[in-house]
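Engineer: Would you be able to build a 3D model of this:
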Amino acid sequence: MSIHRNQWILAMLLIIAPFISGCWDYTEIDDQIIISGIAVDYDQESKGITLTAEITLPTFSGKESNFNSKIYQGKGQSMLDAIVDLASKAGRHLLWSHAKVLILSQEIMAQENLFIGVMDWIKRTREIRDTIWMLVAKEIFAGDILLKSNPQTQKIISAYLDGLFLAQKSETFLSVPFSKFIDDLESDSVCSALPTIRLEDSSNGILPLLEGTALFYRNKEVGWLDGKQTRILSLLMNHLKQAVFAPEPSGNQNLKGVSLKVDNCQTAIQPVLGPKGLVMKIRVKMDAQIGEIDGEQDVFKPDKIKKLIKADQNMIKAQIKDLLRLLQRNYQCDVTGFGNKVAAKYPKLWKEIKNRWRNEYAAIPADIRFKLTIFGSQDSMKETKVGP
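Structural biologist: Next comes the predicted model:
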């Protein structure tokens with residue numbers, strides 16, 4: 001009896017050993033290829049997909065280790081076909097969990113079935129994280145961003161772009177992860193927005209330049225915002241953390257060349273149902289300091305500070321109005337999620353208007369109030385003068 005009992009215990013130990021001794025699904029890293037970023041283009045010839053992938057390769061020199069990148073491409077009639085083709089050329093298992101960026105071409109987004117297939121694959125696969133950054137290549141092939149970029153400060157293009165997004169210090173582009181984009185894409189009211197990227201020659205190599213915003217209703221591109229308009233969009237979305245405004249207020253020639261450095265900005269947008277219908281209530285509070293004074297001018301006298309605040313408030317308020325006019329009348333694109341706030345606050349009204357929301361949104365007036373505070377130390381409130 002004891003022999004049978006010992007045999008039974010031994011069998012149980014053999015069964016549970018993999019679960020208590022480590023990862024039973026462990027795969028050698030040498031058997032895998034690490035994908036750091038991908039780009040998806042529409043292949044005009046095959047009417048399918050061209051998938052460009054940047055892979056990360058470790059290199060060793062003595063006791064030091066570094067990383068380089070290599071580019072592979074795959075083609076197919078669907079995203080899965082292109083991945084299979086890519087894997088066959090790579091010769092090893094593809095590891096997607098380290099992918100940082102997904103660059104889409106304008107052409108692939110216009111192909112509804114292919115575009116939805118790409119989004120569906122990313123959504124369903126367990127390997128790609130929903131924090132992967134989304135971008136649109138502006139007027140070039142998406143794959144060219146990975147193939148032709150050559151920033152001297154970073155050998156891995158995807159890591160270079162990931163660093164820009166994580167820093168979140170630029171006011172000229174949005175940082176949009178896949179989770180945010182897919183939520184907006186599936187929304188009844190919200191238009192989706194993606195940062196645009198292009199290539200630019202510079203003394204530091206061929207750089208991938210992030211600037212501007214592409215606006216989409218479903219998979220159709222309805223408009224584009226430049227860097228300055230994107231800055232105001234970030235303000236409306238309450239995402240503006242740091243920015244520089246260089247106003248030139250008309251009628252105040254002595255205040256030209258005075259730039260503001262924004263240190264804090266808070267924006268609240270709420271729907272208000274009045275006797276004439278919905279109103280977009282926008283409240284902005286901005287704290288800033290004098291960033292730069294072009295020329296010798298004493299702008300820190302109380303009367304000039306008041307003029308500067310008034311001029312800057314009017315300028316930024318006018319930029320907000322211009323952007324809203326563009327979003328509402330030209331693009332009919334609710335990219336700030338105002339419709340979601342209407343649905344939450346006035347659910348009965350929302351049921352009546354949600355099917356015609358784009359038309360309703362275009363006609364909603366805005367009530368904008370903007371408060372600017374300029375502050376600084378005594379040292380910063382001294383103009384720079386050239387000696388005699």
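
Engineer: Let me see the ranges of the helices in the stretch 151-300 of the chain.
Structural biologist: 157-167, 178-185, 227-236 (DSSP state H, counting those that start in this stretch).

Engineer: Identify each buried residue in whichever strand or helix holds Leu146, please.
Structural biologist: Using DSSP states H and E, Leu146 sits in helix 142-148. Buried residues in helix 142-148, defined by neighbour count with 16 or more other Cβ atoms under 10 Å: 142-147. (C-beta placed from N, C-alpha, C; glycine too.)

Engineer: which pair in those residues spans the largest distance?
Structural biologist: Ala142 and Leu147 (9.8 Å; Cβ to Cβ).

Engineer: thinking again about what came up before, quickly compare the helices of the stretch 151-300 of the chain and say which is most buried.
Structural biologist: helix 227-236 (a mean of 21; mean count of other Cβ atoms under 10 Å).

Engineer: quick one on the thing from earlier: closest one of the buried residues of helix 142-148 to Leu349?
Structural biologist: Ala142 (40.9 Å).

Engineer: The closest one: what's it in contact with?
Structural biologist: 39-41, 52, 103-105, 108, 136 (Cβ atoms under 8 Å, 6 or more residues apart in numbering).

Engineer: what do you get if the cut-off is 10 Å, keeping everything else the same?
Structural biologist: Residues near Ala142 by Cβ atoms under 10 Å, 6 or more residues apart in numbering: 38-42, 50-52, 102-109, 135-136, 197.

Engineer: Helices - which of those land there?
Structural biologist: Of those, the ones assigned to helices by DSSP state H are 106-109.

Engineer: Could you turn the buried ones of those residues into a ChimeraX selection?
Structural biologist: Buried residues among the ones in helices among the contacts of Ala142 (16+ other Cβ under 10 Å), as a ChimeraX selection:
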select :106,107,108,109
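
Engineer: re earlier: anything in contact with each of Ala142 and Leu147?
Structural biologist: The contact sets of Ala142 and Leu147 overlap at 39, 52 (Cβ under 10 Å, 6+ apart).

Engineer: Give me the neighbour count for Asp263.
Structural biologist: Asp263 has 15 neighbours, counted by other Cβ atoms under 10 Å.

Engineer: For it, report the pLDDT, please.
Structural biologist: Looking at Asp263, its pLDDT stands at 91.

Engineer: That one against Ala288, yeah?
Structural biologist: Yes: using Cβ atoms under 10 Å, Asp263 is in contact with Ala288, at 6.3 Å.

Engineer: follow-up on the earlier one: just the buried residues of helix 142-148 now: which is nearest Val335?
Structural biologist: Closest to Val335, out of all of the buried residues of helix 142-148 and judged by Cβ to Cβ, is Ala142, at 21.9 Å.

Engineer: what sits against Gly339?
Structural biologist: 187-191, 271, 350, 353-354, 357-358, 360-361.

Engineer: do the same with Gln154
Structural biologist: Applying Cβ under 10 Å, 6+ apart to Gln154 gives the contacts 69, 160-163, 205.

Engineer: Among these, list the two that are farthest apart in space.
Structural biologist: Asp162 and Gly205 (17.9 Å).

Engineer: Now do the same for the nearest residue to Leu161 once chain neighbours are set aside: its pLDDT.
Structural biologist: Nearest residue to Leu161, sequence neighbours excluded (Cβ to Cβ, 6 or more residues apart in numbering): Val101, at 5.0 Å. As summarised for this prediction, Val101 has a pLDDT of 98.

Engineer: surely Val101 meets Ile132?
Structural biologist: Yes: contact criterion Cβ under 10 Å: Val101 and Ile132 qualify, at 6.7 Å.

Engineer: Alright, calling it a day.
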